[in-house]
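Asker: Return a 3D structure for these sequence lines:
(one chain, ligands or ions: 3)
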Amino acid sequence: MNILAQCCGVLLLAVILYFHSSQKKIHLNTERAFMGIWSLTFASLILDILSMVLITYSHVIPDIIVKIGCKAYVVSLVWVGMSCISYVCADIYEGRQLYQKYKEWFTLCAIVFSVVIFCLPLYICKKSPSETYTYGPAANVTYGLALSVLLVLGVLIHKHRNKINADRRKVMWVWMAVWLLGAVLEFISIEIFHSALLLVGYASAVGIIIIYLRLENPESNLDKKTGFFNRNALLLYIRQLLNSDEDFYLLCMSYSLGVGDNVPAEISEVISEEIFQFISNFSGTSVFRLTENEIVFLFLDKKEKERVYQELSERFEKPWGRDSMRMVNPRWYSMDDVRMVKRAEDCLNLFHYISQSSTEGRVSSENNDYISIDKSVMKELYKEREIENLLTQAMKRDWVEVYFQPIYSTSKQKFVSAEALVRIHDETGKAISPGVFIDIAEKTGLIVKLGEMVFEKVCRFIRDENPIQYGIEYIEVNLSLIQCGYEFLAEDFIRIMKKYEISPQYINLEITETASLDEKRMLQQNMQDLQEFGVSFSLDDFGTGHSNLNYIVDMPVDIVKFDRGMIQAYFSSDKAKYVMDAAMHMIQGMQLEIVSEGIETEEQYRTMDELGISFIQGYYFSKPLPEKEFLEFIQREAGEGSHQ
Ligand code: C2E
Ligand code: MG
Ligand code: MG
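Answerer: Residues are numbered from 1 along each chain as shown. Ligands and ions are numbered 1, 2, ... in the order given. The predicted structure follows:
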């Protein structure tokens, strides 16, 4: 009897079943579809062996039983083929209702073909023990069908190549090639060598090994350290649930141990172990480890979520560690309405965004350790993303424009400088203010490039339009904290000034105070290099709470800019008036100039003038203006004279 290949196939499948069943899984659709292929291939191999046994002993077994056995094997191949298509579709449609619909169709097709094949004649060839096989219309239709399945698979994989990742696609092609090779060898052996090498069943088993090792090994969804599921598994699972009707709930726990808390590495390791051990005892939830100290719990039942949170938070009220000495205070981020996100990745981005924003105090909640993520937070995230895209577009397409706001000198009674303020445009041409995008530009690091673009535009403006001829002595350009701490700031800016042949005396750079010592050191280095080249500096936003007088002493600035908020407070509070008077006298005592920002009324202007403030900037004179309007403004003003 020629059943060696089939027996090897059964053995291979048994080994796969052993490993697969002993591993932790999250019940993804592809996992289920894989088990579908496994069971049908296994059944088909057993039927193959059975049919060979029946044929071998056909002289003692009734003809009808032999025929039924052989046809059952041939029909099983149809089901194996359909299960393969179903597996690929599970990947493409990721649990969408469409997938369920297709599955019903495949089952129906399999039933129809099974009936057809069962009704067609099938003949048995039993020339010798090595030349035992079946042939005839039923076998031919099955061969034809197997080829069509391969063709459909090929078309599906190729057509939906954007939905199946490249790695998976490659493995699927190899799997199909193995199948095809098995069928071709079987055909050649029968037709040419008259010795039936029945390899199709064995090739299917090898195909399953390939899929198991490369695509369906549950090990690849596990976090090596904890045995929890990993980030990739969470993405796959959320994606599948989002495409289904099932409700689900997420709870993210983030805690910090180690460097920032001065906990020695060995101790933090022990505590982490203890926490992971405690978490692994929970049932009713799937646990995922996102990053070192970030765990996500996924629930299909809301009550379970509340129970697990309750038990976990109670445990965290007690200390951890061998000596029971360390308290750990996790932050919790809960998401009940997960369907408000569009993509699985957005869920994880949300957790990241919220955890950042809450540490920076931008997201508030009654209990700062437990934040419930709702639609408003979501909206914020999508808005940020939109602005980031817009900013990237604007920078790529040069929709970046610099406006200029004139600055008036009270002693010279004319406009002597201007502040350059960036604007970006959207597709409709509408100008967007920096208040909307500077934060995001800083967070994404785009600010360095944007700052360079602005500086280049200012230099080009000075060279091409020569505002100096209308009395403008220098232009103030804002620097963000990120730029100030950027290693190559001085080098880049000096290069740009040289490129446009701009004398550095026409440039004044506005810096703001930084709390970080590293940034401050870098800024001092940059300032030193730029000052040696001839550039002057202002301290912006004085009086916003970040500023202290020490900073003015430490930093070599020539001008201090009083923030609009401070000026407003001056007119509404006696205390603020006192503070501003004192600060003003000290700054003037250091021989520094002062710019009052945000002057909107004549009364404010007169008061500042009487106080001896050197420069005035604000809507009272002019809002920030586009290049052309600014030029017209200073031309007109240069002609008209003072504002008495
Ligand atoms: P800032 O440097 O303190 O600039 C002054 C802001 O106050 C400008 O807002 C200006 O339009 C506004 N302003 C001036 N006078 C008045 C007034 O009388 N009333 C009122 N209500 N507002 C007045 P803008 O242009 O929206 O810029 C906001 C901030 O964005 C700037 O504050 C600056 O920190 C930042 N920024 C602007 N352009 C740039 C840039 O090119 N690079 C960097 N890094 N930051 C920039
Ligand atoms: Mg400024
Ligand atoms: Mg300012």
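Asker: The closest residue to Thr444 other than its chain neighbours: neighbour count?
Answerer: Ranked by CB to CB, 6 or more residues apart in numbering and with sequence neighbours excluded, the top spatial neighbour of Thr444 is Glu388, at 5.8 Å. C-beta coordinates here come from the backbone N, C-alpha and C atoms, glycine included. The number of residues packed near Glu388 is 16, by other CB atoms under 10 Å.
Asker: does the helix or strand Glu388 falls within come close to ligand 1?
Answerer: Here Glu388 sits within helix 375-397, counting by DSSP states H and E. No: on the criterion CB under 6 Å from any ligand atom, helix 375-397 is out of touch with ligand 1, staying 12.3 Å away.
Asker: sec struct for Val422, please.
Answerer: strand (DSSP: H, G, I helix; E, B strand; the rest coil).
Asker: returning to what we had before: check contacts around the residue nearest to Thr444.
Answerer: 440, 444, 446 (CB atoms under 8 Å, 6 or more residues apart in numbering).
Asker: SS state for the residue in the stretch 51-200 of the chain positioned nearest to ligand 3?
Answerer: Nearest to ligand 3, among the residues of the stretch 51-200 of the chain, is Asn162, at 47.6 Å (CB to the ion). Here Asn162 is recorded as coil under three-state DSSP.
Asker: Could I get the pLDDT score of it?
Answerer: Each residue has a pLDDT score; the one for Asn162 is 81.
Asker: Check Pro319 too.
Answerer: Reported pLDDT for Pro319: 90.
Asker: ditto for the one 4 residues further on
Answerer: In the predicted model, Asp323 carries a pLDDT score of 74.
Asker: For it, the count of nearby residues, please.
Answerer: 9.
Asker: again with Phe282
Answerer: 15.
Asker: Quick check: closest non-adjacent residue to it.
Answerer: Nearest one to Phe282, counting by CB to CB, 6+ apart, is Val308 at 5.5 Å.
Asker: show me the contacts for that neighbour.
Answerer: When contacts are counted by CB under 8 Å, 6+ apart, Val308 touches 251, 282, 284-285, 297, 299.
Asker: For it, what is the enclosing helix or strand?
Answerer: Using DSSP H and E, Val308 falls in helix 302-315.
Asker: what's the answer for Leu45, then?
Answerer: In this assignment (DSSP H and E), Leu45 forms part of helix 29-56.
Asker: Rounded mean pLDDT for that helix, please.
Answerer: 91.
Asker: Quick check: next helix or strand after it?
Answerer: Downstream of helix 29-56 (by DSSP H and E), the next one is helix 63-93.
Asker: that older thread, who are the packing partners of the following helix or strand past the helix holding Glu388?
Answerer: Per DSSP H and E, the first helix or strand lying C-terminal to helix 375-397 is strand 400-409. Counting contacts by 3 or more CB pairs under 8 Å, 6 or more residues apart in numbering; DSSP states H and E, strand 400-409 packs against strand 414-425, helix 447-465, strand 615-617, strand 625-626, helix 627-640.
Asker: Confidence-wise, which of these is weakest overall?
Answerer: Taking the mean pLDDT of these, helix 627-640 comes last: a mean of 92.
Asker: Could you list the residues in contact with that helix?
Answerer: Looking at what lies outside helix 627-640 - CB under 8 Å, 6+ apart - the contacts are 401-404, 406, 414-415, 418, 461, 465, 467, 470-472, 622, 625.
Asker: and it, C-alpha only, in CSV?
Answerer: Taking C-alpha atoms only, helix 627-640 is exported to CSV below (Å, rounded to 0.1, in the frame of the first residue of the first chain):
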residue,chain,number,x,y,z
GLU,A,627,4.9,91.8,3.5
LYS,A,628,3.3,94.1,0.9
GLU,A,629,1.0,95.9,3.4
PHE,A,630,3.8,96.2,5.9
LEU,A,631,6.0,97.9,3.3
GLU,A,632,3.1,100.3,2.4
PHE,A,633,2.6,101.0,6.2
ILE,A,634,6.2,101.8,6.9
GLN,A,635,6.5,103.9,3.7
ARG,A,636,3.5,105.9,4.7
GLU,A,637,4.6,106.3,8.3
ALA,A,638,8.1,107.3,7.2
GLY,A,639,6.5,110.0,5.2
GLU,A,640,4.0,111.2,7.9
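Asker: If I take that helix and strand 400-409, what angle do their directions form?
Answerer: Calculated by axes from the mean of the first three to the mean of the last three CA atoms, to 10 degrees, helix 627-640 forms an angle of 20 degrees with strand 400-409.
Asker: close to ligand 1, is helix 627-640?
Answerer: No: residues of helix 627-640 are not located near ligand 1 by CB under 6 Å from any ligand atom, the shortest gap being 12.8 Å.
Asker: number of nearby residues for the closest residue to Lys499 other than its chain neighbours?
Answerer: Excluding its sequence neighbours, the residue lying closest to Lys499 (CB to CB, 6+ apart) is Cys459, at 7.5 Å. Using other CB under 10 Å, Cys459 is surrounded by 22 other residues.
Asker: Contact partners for Cys459?
Answerer: 496-497, 499-500, 502, 507.
Asker: now the residues you listed as CSV including distance to Glu593 and secondary structure?
Answerer: Conversion of these to CSV gives the following (distance: CB to CB, whole Å; DSSP: H, G, I helix; E, B strand; the rest coil):
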residue, distance to Glu593, secondary structure
Ile496, 25, helix
Met497, 22, helix
Lys499, 29, helix
Tyr500, 26, coil
Ile502, 22, coil
Ile507, 16, strand
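Asker: Restricted to buried residues, select these in ChimeraX.
Answerer: Filtering the contacts of Cys459 down to the buried ones (16 or more other CB atoms under 10 Å) takes a single ChimeraX command:
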select :496,497,502,507
